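# A predicted structure for the sequence below; I have some questions about it.
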Amino acid sequence: MKIINLSSIANPISISVQNPSQSDYDRFIGLEHYDSGEPVITRFQGTELLTTSAKAFKANDILIARRNVYLKRAGIVFFDGITSGDSIILRLKEDTQKTIGYSREDLIRYIPFMLNSEHFWIYANKHADGMNSKRISKDTLLEYEFELPSIDEMRDISDKLWAAYRLKEAYKKLLVTTDEIVKSQFIEMFGNPLSLNQKNELKRLGECCILNPRRPNIALCDTDKVSFIPMPAVSEDGYLVDMTDEEYGKVKKGFTYFENNDVLFAKITPCMENGKGAIVHGLTNGIGMGSTEFHVLRPINGISSPYWLLALTRMPIFRERAAKNMSGTGGQKRVSASYLDHFMVGLPAIEEQRRFEAIYKQADKSKFELKQCIENIDKVIKSLING
């Protein structure tokens, strides 16, 4: 084991690019392109619309988000590009073989995982400055001290970590492919929901479901429990990821009401554009209360299936059209109930919807199994990183 600090193996890089849109760089990484806990940064956007200065990085540099360190954002990049001032760029030194006995190539394979260890993030959070948006400084980062395993052990750990990472990425691609298959199946069975040339009779969406149904008289005491679902409890890939129990008296006013098998549709930007929506199941006492930023679509027995409604409202082309018809300003834009009510769609026979529902449920089962595999791989990676 060898104890070193980051400054002994890496240099901070700060090469300013004043006019990104006019530069030779075509890839920009902002804080939104980091994935928490991931050792590789793969996402980026184009530079053609960037007007503010940025910093240049090279392939094999390591980027660390200096703001909101609790989000655990650090990773290596395998392409050249530019990043915002909220990123710290580290470049591993060329002479590490001579100075500490470890080659730069070996360190490149190991350090991105080490910077996602619990030990590192505990240090980063402890030494970050500020209250609401804690930041770690470049100098503090370079003072981080850690143990390097022997070179043979490091190579063995690195081999296992990269093999696990590649397998996880393969499973993630299968998840995306499964989603695309469901979307393709929807189009194949029901056609483009925005086309007026439908093989099924055009109906207002408000005729296909009950939109924002009124709350009936509920035989519950104020101390009885119901499910509560805030916006963060609904994922961007169509699932309910969390809910809590609350006393009915505490949430019966000022929140949105729904029942089992209702479909939630996030109406506010950017949640709507990002695809937030889900079918609700397993509600305590069959009742849910949640964010006022949800529209509720209740399927009508014999007319619509919740899975057809969810798939329809999660289609990218549906969301893109809805985004163009939002009202309000800035981050407070919303899709109105009237827009959903008057949206024209070809209504398939309920038998066809049920057939699609079976396909959707089978895809869900496959996705659940893939997610379980990814979670298990994450556990292996964490155990290897944290020792």
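Right, received. Where do you want to start? Numbering: from 1, shown residues only.
# and the helix or strand harbouring residue 125, what does it pack onto?
Residue 125 is located in helix 118-127, with elements delineated by DSSP states H and E. Contact here means 3 or more C-beta pairs under 8 Å, 6 or more residues apart in numbering; DSSP states H and E; on that basis helix 118-127 packs against helix 350-386. (Each C-beta comes from the backbone N, C-alpha and C, glycine too.)
# tell me which strands and helices the helix it packs on is in contact with?
Contacts defined by 3+ C-beta pairs under 8 Å, 6+ apart place helix 350-386 against helix 104-114, helix 118-127, helix 151-190, helix 306-314.
# Name the residues of the helix holding residue 125 that are buried.
Along helix 118-127, these residues count as buried under the neighbour rule (16 or more other C-beta atoms under 10 Å): 119, 120, 121, 123, 124.
# neighbours of residue 22, just the number please.
Applying other C-beta atoms under 10 Å, we find 11 residues neighbouring residue 22.
# Could you chop the chain up by domain?
2-148, 201-346 (automatic domain parsing).
# Turn those into JSON lines, including distance to residue 154 and mean pLDDT.
Below are the domains of the chain laid out as JSON lines (distance: least, C-beta to C-beta, whole Å; pLDDT from 0 to 100):
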{"stretch": "domain 2-148", "distance to residue 154": "5", "mean pLDDT": "94"}
{"stretch": "domain 201-346", "distance to residue 154": "36", "mean pLDDT": "94"}
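# need the ones you listed in TSV with distance to residue 181, can you?
Shown next, in TSV, are the domains of the chain (distance: least, C-beta to C-beta, whole Å):
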stretch	distance to residue 181
domain 2-148	22
domain 201-346	12
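# between those domains, which one is nearest to residue 382?
domain 2-148 (8.0 Å; C-beta to C-beta).
# Quote the end-to-end distance of that closest one.
End-to-end distance of domain 2-148 (C-alpha to C-alpha, to the nearest Å): 5 Å.
# can you check stretch 38-53 too?
Start-to-end, stretch 38-53 (C-alpha to C-alpha) is 26 Å.
# Would you mark the buried spots in that stretch?
38, 39, 41, 44, 47, 50.
# likewise stretch 300-312?
Applying 16+ other C-beta under 10 Å to stretch 300-312 flags 304, 305, 306, 307, 308, 309, 310, 311, 312 as buried.
# any idea which of the residues you listed is closest to residue 135?
Nearest to residue 135 among these, with distances taken as C-beta to C-beta, is residue 310, at 39.8 Å.
# That closest one and residue 364, how far apart?
Counting by C-beta to C-beta, to the nearest Å, the gap from residue 310 to residue 364 is 11 Å.
# Once you drop chain neighbours, what's closest to residue 310?
Among residues not flanking residue 310 along the chain, residue 263 sits closest, at 5.0 Å (C-beta to C-beta, 6 or more residues apart in numbering).
# if I pick the one you found, what's in contact with it?
When the contact criterion is C-beta atoms under 8 Å, 6 or more residues apart in numbering, the partners of residue 263 are 209, 277-280, 296-299, 306, 309-310, 313.
# what do you get if the cut-off is 7 Å, keeping everything else the same?
277, 279, 297, 306, 309, 310, 313 (C-beta atoms under 7 Å, 6 or more residues apart in numbering).
# do you know how far it is from residue 294?
The gap separating residue 263 from residue 294 is 10 Å, by C-beta to C-beta.
# what touches both of those two?
Joint contacts of residue 263 and residue 294 (C-beta under 7 Å, 6+ apart) do not exist.
# hmm, back to that, specify the angle between the helix holding residue 125 and helix 350-386 in degrees.
Using axes from the mean of the first three to the mean of the last three C-alpha atoms, to 10 degrees, the inter-axis angle of helix 118-127 relative to helix 350-386 is 90 degrees.
# okay, the angle between helix 118-127 and helix 104-114?
Using the same axes, to 10 degrees, the direction of helix 118-127 lies 70 degrees away from that of helix 104-114.
# Render the CA-only coordinates of helix 118-127 in PDB, please.
Extracted C-alpha coordinates of helix 118-127, given in PDB (Å, rounded to 0.1, in the frame of the first residue of the first chain):
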ATOM      1  CA  GLU A 118     -17.400   6.600   0.000                       C
ATOM      2  CA  HIS A 119     -14.000   7.700   1.400                       C
ATOM      3  CA  PHE A 120     -13.600  10.400  -1.200                       C
ATOM      4  CA  TRP A 121     -17.100  11.800  -1.000                       C
ATOM      5  CA  ILE A 122     -17.000  11.900   2.800                       C
ATOM      6  CA  TYR A 123     -13.900  14.000   2.400                       C
ATOM      7  CA  ALA A 124     -15.400  16.200  -0.300                       C
ATOM      8  CA  ASN A 125     -18.600  16.900   1.800                       C
ATOM      9  CA  LYS A 126     -16.600  17.500   5.000                       C
ATOM     10  CA  HIS A 127     -14.300  20.100   3.300                       C
END
